[in-house]
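Asker: make a model of this:
(one chain, ligands or ions: 1)
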Amino acid sequence: MDKIFISACLLGENVRYDGKHQKLSEKIVLQWRKEGRLVGGCPECLGGLPVPRDPAEIDSNSKQVITVNGENVTLPFMTGAQKALDLCEKENIKFALLKESSPSCGSNNIYDGSFSTRKITGEGVTAALLTRNGIRVFSENTINELAQLIR
Ligand code: SF4
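Answerer: Numbers count the residues shown, from 1 in each chain. Got it, this is the predicted structure:
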C-alpha cells in the first residue's frame, strides 16, 4: 500500500504561521486517512520553528528564506525539509501531498519574496528536496492526479 506524506496543516493541525490550519475535506483524503496511508508532518515545525511564527518568503534573488521582519530562517527551513525527507525514506514513501504556495510545501508556485501577495512559479524548500530525491509531490489542486497513481 502506497503511503503519502501530507502537510500537517492539510490534515487539520494548527501548525501554520498564523496558528491556523487548511484542512482538506475531500472524501478521498478521508478515505486515505482511514486506510492509514497518510503520514503527516509540518516541515517548518520539524525545523524547530514555533507556532505562531512570522510569515516568511523565499527571496527571489538570494534564494534565502526571509521573514517579514527580515530574519533569515533558511537554516530551520532546510533542517525541516531534511527531516521530512528522512521520514519519507524511513517509511518508504514515494508520494507527497503538500500545501501549495508555502515557502516550504509549495510545489508549483510560491510568493515572490516581496510580501506583496504576488505569486511566481517556483517550489518551496521541502517540495524541492523531496522532488530531487525521487518523491512525487502533489498539492491540494492535484489530488485527483495523485489518486490515479497510488496503489
Ligand atoms: Fe503547512 Fe507546510 Fe506550512 Fe507546515 S510548512 S504549515 S505543513 S504549508
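
Asker: interface residues of the protein facing the ligand?
Answerer: For the chain, the contact set with the ligand under Cβ under 6 Å from any ligand atom comprises 7-9, 15-16, 42-44, 99, 102, 104-105. C-betas here are computed from N, CA, C, even on glycine.

Asker: ok, those residues vs Gly80, which is closest?
Answerer: Pro43 (3.6 Å; Cβ to Cβ).

Asker: next, count neighbours for the closest one.
Answerer: For Pro43, the neighbour count with other Cβ atoms under 10 Å is 33.

Asker: over to Leu149?
Answerer: Per other Cβ under 10 Å, the neighbour tally for Leu149 reads 11.

Asker: so where do the helices sit in the chain?
Answerer: Shown for the chain, the helices assigned by DSSP state H span residues 27-35, 43-46, 74-90, 125-132, 143-149.

Asker: tell me which of the ones you listed sits most buried.
Answerer: Comparing those by mean neighbour count (mean count of other Cβ atoms under 10 Å), helix 43-46 ranks first with a mean of 27.

Asker: so which residue is smack in the middle of this protein?
Answerer: Nearest residue to the geometric centre of the chain (Cα atoms, centre = their mean): Cys105, 2.4 Å.

Asker: what number of residues lie near the residue lying closest to that one once chain neighbours are set aside?
Answerer: Distances taken as Cβ to Cβ, 6 or more residues apart in numbering put Leu98 closest to Cys105, at 3.7 Å, once the chain neighbours are dropped. For Leu98, the count of nearby residues is 26 (other Cβ under 10 Å).

Asker: again, but for the one 3 residues further on
Answerer: Summarising burial for Ser101: neighbours were counted as other Cβ under 10 Å, giving 18.

Asker: no more questions from me, cheers.
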